[in-house]
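**Student:** Here is my input, please return the structure:
(2 chains)
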Amino acid sequence: MADRTEKQAAAQQAVDILHEISTLLNCHLDRRTLSICISMIENGVNPEALAEVVKELRKEGQNVQLEAAAAAGASRRR
Amino acid sequence: MSHAPRNRISNAIDSLITHLVPSNPHDTEQAAQERHDACFELVRAIFERPNSPSISADVNHASDLIKRKLIQSNPSQALRFSNLYTRLLSLPVLNQKWAILYLLYQLSDSPDPNEPPPPPRQSAAPHGLTSREPSFRDRELQAQLLREQEEHEAEEESYQEPAPTEPSFREPTPREPSFRESVAQRATGRAVGRSTATAESKTPTPAPPPVSEEEAVNNVFAPGGLKKLPTERPRRNTTTDEARSQPGAVDGSTKKSTRDVSIKSTLLADNSLEFEPSEMGLLRDLPFTLQGLSSTTLPFTKDTVLKLPPTLPLPIVSLLHTLAEPSLLYRGLANFVKSPAKGLLGQSLRAAINNELRSYLTLVATLEAQIRRALSSLDEAAPRGGIGKAGVTLKRCVVWTREATMGLRLMSLISEESYSKQGGQLISLIHGFSTSHGDPVVAAFAERLLADVTRPFYDILRRWIYDGELSDPHLEFFVREQNPNNEKQNESKAKGQASVWNSKYEVVDAMVPSIMTPDFAQKVFLIGKSLNFIRHSCGDSQWVDAYSKTSSKELKYGDTATLEKWIDDAYKTTMQRLMMLMNTRFRLFDHLQALKNYILLGQGDFIALLMESLAANLDRPAGAQYRHTLTAQLEHAIRGSNAQYDSDEVLRRLDARMLQLSHGDIGWDCFTLEYKIDAPVDVVVTEWGNRQYLKVFNFLWRIKRVEFALASTWRKCMTGARGVLQSNDETVLQTWKSTRGTLAEMIHFVGQLQYYILFEVIESSWGELQKNIRKEDCTLDDLITAHTKYLTSITHKGLLGARRRQHHDAQKEAASLGRDTSEVEDRNSYMVQLSLLLRNMLDYRDSVDGLYSWSVSDFTRRQEVDTASLLRKHRPNSGDMENSVGPDDPFFSGGAGSNIKSEFPALQERLKQLGVSFRQRLQILLGDLAYQPDVDMRFLGVSMNFNDVYQPVRRKSAKTGTTTAAAAGGNVSSQQGQEKQQQQQQQQGQGGNVNVSFSASRA
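**Tutor:** Below you'll find the model as predicted:
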């Protein structure tokens, strides 16, 4: 039990550090995204591909936002 | 991947998508689900792609990349990063640290997804390309553009190919900037759009395989309208480009540098300063300046001064300074070329320089064409008049004229030096540049110049070695005719060594060009001299003409080996011809043989006969000698001996004559044989040589005469001993016995001396001479040297020229007393001793003759007493005896016989004295000979004293006395009659001296 909590603390620490690094590098990653990425990489995902994925998804997110805004605008005008 | 991680990854993707892609509140449930699925598919597709090979699983690599990036943007953050990094490393939980770091690195500086996307119009890119995210179509367009650029590049390269000699003529075309931009874009495009392709190096066409996939992706993600980029795109492009390009090291850096240059040039163009006159104006005038002509902007105020406009900024002034150098040098050289030359080589130098100047002008003309073209294509509106794009600038002109300037510099150096030099020195100067200059360009240039400059030199050389004529009106060749006022030559002329051969031409060492070695120059000199000699002195100009026609060759600078071979050939031919002429036509060897036979008494029978027939004649005073009698006797001797078989050519030259007579000389002293030598053989047997021959002849003749006299007296005594000389008187018999002993000694001495001179000296030297002159490659010079050596060794070894150092001081003293010229005595100290000995022997012989006549008269008296007292008593007159006439003189016994008794003791005494003095002198001579450095001369002493009869005396204290006596003896000469008494006294005195020294040395 103690072992597990220790591990969690260490993981927490790692995420802290990496988050700091990511802010240094202007990565615009929040802690949650970062945790997911870490776990994916720990599971053997190619980091380069993952970076691509993150970028694509962000784009997609923006698109959705735009659409939402457009839809909202349209609905407001309507 | 195993099943569990796969599930986990799927879960993670799900959560990632929901986290990153917010759901649209306006969308329906189904649409949201579709979008989610689409995203999931996309993510899967991306993950499924093959890994990029450029990523290495190395923690340090990723961290390095990050660190480098941070240092560039913000060093303090880099420090913070390294702290964080060490902490991260110490954590045990993560297995794929590098991968996480790499992910962060990839995502660095990515746009904030939470910011609202910018409006489309704001994102106008500077490149004139569409500003949207590069989609596939964009990339295709770029690829096409790239292909075009590369084709263009290749074109440009092939265009540059034909003009490699002027490398600086390559100019950036106006299109180049766009090329550079496109390169930059290509990098950007790859970096942003196609992350997997970044590691591929400069492939000419974008790799197609991923395209289909990407197309699909893009199709999914590019629905309808074009997406706008965030405003900060250019910056992002730059940075990602840099970040991206770093893994593919070289490629990226070159791209970066080219872009830097383009940036710089734009900067330069923007910051350039306008000045008056403008660079265009200067360029327009530059060709004139380079040709040494004044122009409005750049006038030549003086020959060596170029005035620059004062309004120019400093960098331009320094450029113009550099350009002024060739202009001024050209001006100077053009003046030099126009100036009148001193000699042929000066003219050829000017011609060679003129040629070089012409090629320089060609360069200037090309330059001018370039400038014209550039100026006409100038765009007036562009910054700096667009000169940076036209490709011709002042700086470029400096580069283009650089090599030419080197050449001009060298030529002007040569031209300045050439004023103080001429002929061979000039060649040496240029040759010095070509061989010992470290710069290969300079050396090659000088070599080229040399080929032209040496032409007249080789013409002269050709005339000289093939015709034997010196056609050198400006005294430029290293052979020249001797100056008649030359001191050295006069000196040698005074010595009688001058001849046509060695005093007509001379080598001037300073003028021998360094392209020839001294040996070679000497050979050339000999060839020409020989040809000249053959033509003018030997009268064989036909051969010379024929020779020059057949073997004359064009000599040129460059092929030294061939030249040397030709000259060697010429040398051999000429020398052979000359020796052949000397041998056959001029019978040089016959003459040498004849000289040895007659002058050096080699022909014994002839000399004996001559002496016999002349003896009676020569006993008379010198005044009573007549040339016709001498010639007749000579003829008789020739006819009566083997000499008659000699050729007419030789005999014709043989002549007997009298030397200049002085008072009191008898015939023996001034008789001489002569062998006449005429040109051209007199180059070998020079006047000096003739004098040496005569000297040796006179000496030998004197020895021969003494030998002859002694022999005749000996004969008389021997025959007399059987009859008239028989006596009962014990003292008389005793006297005769000792007299015969001394006579025998003298004969032995003379015999040894003759043997030594004739065999040890003359014959051995002759052998040496023969060996030297019969050599295969003997030249006339060798012959002359050999002959001179021959004569020197004869005069030296034959005691005639031996120098006695100890004696030297005494000689000096004698000279200061004014007794004799020191030179003669100094040189002939043995000569003096020997002549004293010979004189002593002659005196002795006279006394013996006196004794003989006394004995004869005594015999007659006794007979008279014995037979009858009728006859009157005969007494020999003392005056008769003093006449010293020959023994067969009928008058000697004609005197009164009353003084017979009183006469004998005096004779006895005198014979004793002469005998003793002969001994003393001989011992001194032997003493001197024993300490001779020359082995042959020491051996003479040994053979004279083979049984140690004599005790050689090392003369020390007595040298002054002897010298005085010698000088006195020499002065007294062979005076007869009244002076004999005086001489006798002197000799007594001298004998005393010698006695003293003898006893002293014994003690």
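**Student:** what about the strands in the chain?
**Tutor:** If you meant another chain, say so; for now it's chain A. Remark: no strands are assigned in chain A by DSSP state E.
**Student:** if you could check chain B rather than the one you did, that'd help
**Tutor:** Using DSSP E, strands in chain B cover B:300-302, B:305-306, B:479-481, B:505-507, B:654-658, B:671-675.
**Student:** What are the buried residues along the fifth one?
**Tutor:** Of the residues in strand B:654-658, those buried by neighbour count under the rule 16 or more other C-beta atoms under 10 Å in any protein chain shown are B:654, B:656, B:658. Where you see a C-beta, it was placed from the backbone N, CA and C, and this is true even at glycine.
**Student:** Show me how chain A divides into domains.
**Tutor:** Taking automatic domain parsing as the reference, chain A has its domains at A:1-45, A:46-78.
**Student:** Generate CSV for those, with mean neighbour count and distance to chain B as supplementary columns.
**Tutor:** Formatted as CSV, those follow (neighbours: other C-beta atoms under 10 Å in any protein chain shown; distance: least, C-beta to the nearest C-beta, whole Å):
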stretch, mean neighbour count, distance to chain B
domain A:1-45, 17, 4
domain A:46-78, 17, 3
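**Student:** Between these, which has the poorest mean confidence score?
**Tutor:** Of all the domains of chain A, mean pLDDT reaches its minimum on domain A:46-78 (a mean of 79).
**Student:** what sits against B:Leu16?
**Tutor:** With contact set as C-beta atoms under 8 Å, 6 or more residues apart in numbering or on different chains, B:Leu16 has these partners: A:33, A:36-37, A:40, A:53-54, A:57, B:43.
**Student:** B:Leu88: what's it in contact with?
**Tutor:** So B:Leu88 contacts A:14, A:17-18, A:21, B:94, B:97 (C-beta under 8 Å, 6+ apart).
**Student:** for those residues, which one is nearest B:Phe939?
**Tutor:** B:Lys97 (111.3 Å; C-beta to C-beta).
**Student:** And for the closest one, the neighbour number?
**Tutor:** 19 (other C-beta atoms under 10 Å in any protein chain shown).
**Student:** Quickly note the distance from it to chain A.
**Tutor:** Going from B:Lys97 to chain A by C-beta to the nearest C-beta, to the nearest Å gives 9 Å.
**Student:** how close does that residue get to B:Pro287?
**Tutor:** 69 Å (C-beta to C-beta, to the nearest Å).
**Student:** do A:Asn46 as well
**Tutor:** 66 Å.
**Student:** One more: B:Asp568?
**Tutor:** B:Asp568 sits 52 Å away from B:Pro287, going by C-beta to C-beta.
**Student:** Check B:Phe749 too.
**Tutor:** According to C-beta to C-beta, B:Phe749 and B:Pro287 sit 100 Å apart.
**Student:** Could you identify the most distant pair in the contacts of B:Leu88?
**Tutor:** Once C-beta to C-beta is applied, the contacts of B:Leu88 give A:Ile21 and B:Leu94 as the farthest pair, at 12.5 Å.
**Student:** picking up where we left off before, rebuild the contacts of B:Leu16 as TSV, extending it with distance to B:Leu836.
**Tutor:** Listed next are the contacts of B:Leu16 as TSV, based on distance: C-beta to C-beta, whole Å:
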residue	distance to B:Leu836
A:Thr33	140
A:Ile36	141
A:Cys37	136
A:Met40	137
A:Val53	137
A:Val54	136
A:Leu57	141
B:Val43	140
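**Student:** Mind putting the buried residues of strand B:654-658 into TSV with pLDDT and distance to A:Leu29?
**Tutor:** TSV is the format used below for the buried residues of strand B:654-658 (pLDDT from 0 to 100; distance: C-beta to C-beta, whole Å):
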residue	pLDDT	distance to A:Leu29
B:Leu654	85	134
B:Ala656	83	139
B:Met658	80	140
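**Student:** can you list these in TSV and add distance to B:Ser415?
**Tutor:** Shown next, in TSV, are the buried residues of strand B:654-658 (distance: C-beta to C-beta, whole Å):
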residue	distance to B:Ser415
B:Leu654	65
B:Ala656	69
B:Met658	69
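**Student:** nearest to chain A, of those?
**Tutor:** B:Leu654 (123.1 Å; C-beta to the nearest C-beta).
**Student:** can you pull the contacts of the closest one?
**Tutor:** B:594, B:598, B:634, B:638, B:673-675.
**Student:** Can you tell me which of the residues you listed comes closest to B:Ile924?
**Tutor:** B:Leu673 (31.6 Å).
**Student:** ranges for the helices of chain A?
**Tutor:** Using DSSP state H, the helices assigned to chain A run over residues A:2-24, A:31-42, A:47-77.
**Student:** Show me what the shortest one is packed against.
**Tutor:** The one in question is helix A:31-42. helix A:2-24, helix A:47-77, helix B:3-20, helix B:97-107 (3 or more C-beta pairs under 8 Å, 6 or more residues apart in numbering or on different chains; DSSP states H and E).
**Student:** what's the spacing between the most centrally placed residue in chain A and B:Arg373?
**Tutor:** Residue closest to the mean C-alpha point of chain A, counted by C-alpha atoms, centre = their mean, is A:Thr33 at 2.3 Å. Taking C-beta to C-beta as the measure, A:Thr33 falls 63 Å from B:Arg373.
**Student:** what about B:Arg358, how many neighbours?
**Tutor:** Count around B:Arg358 with other C-beta under 10 Å applied: 10.
**Student:** State the pLDDT value of it.
**Tutor:** On the pLDDT scale, B:Arg358 gets 92.
**Student:** ok, now B:Thr731?
**Tutor:** Looking at B:Thr731, the pLDDT reads 84.
**Student:** So for the residue nearest to it when sequence neighbours are not counted, what's the pLDDT?
**Tutor:** Closest residue to B:Thr731 apart from its sequence neighbours, by C-beta to C-beta, 6 or more residues apart in numbering or on different chains: B:Gln908 at 7.6 Å. On pLDDT, B:Gln908 comes in at 87.
**Student:** got a list of what B:Gln908 touches?
**Tutor:** B:731, B:735, B:851.
**Student:** isn't the last one right up against B:Glu909?
**Tutor:** Read that as B:Leu851. No: between B:Leu851 and B:Glu909 there is no contact under C-beta atoms under 8 Å: 11.4 Å.
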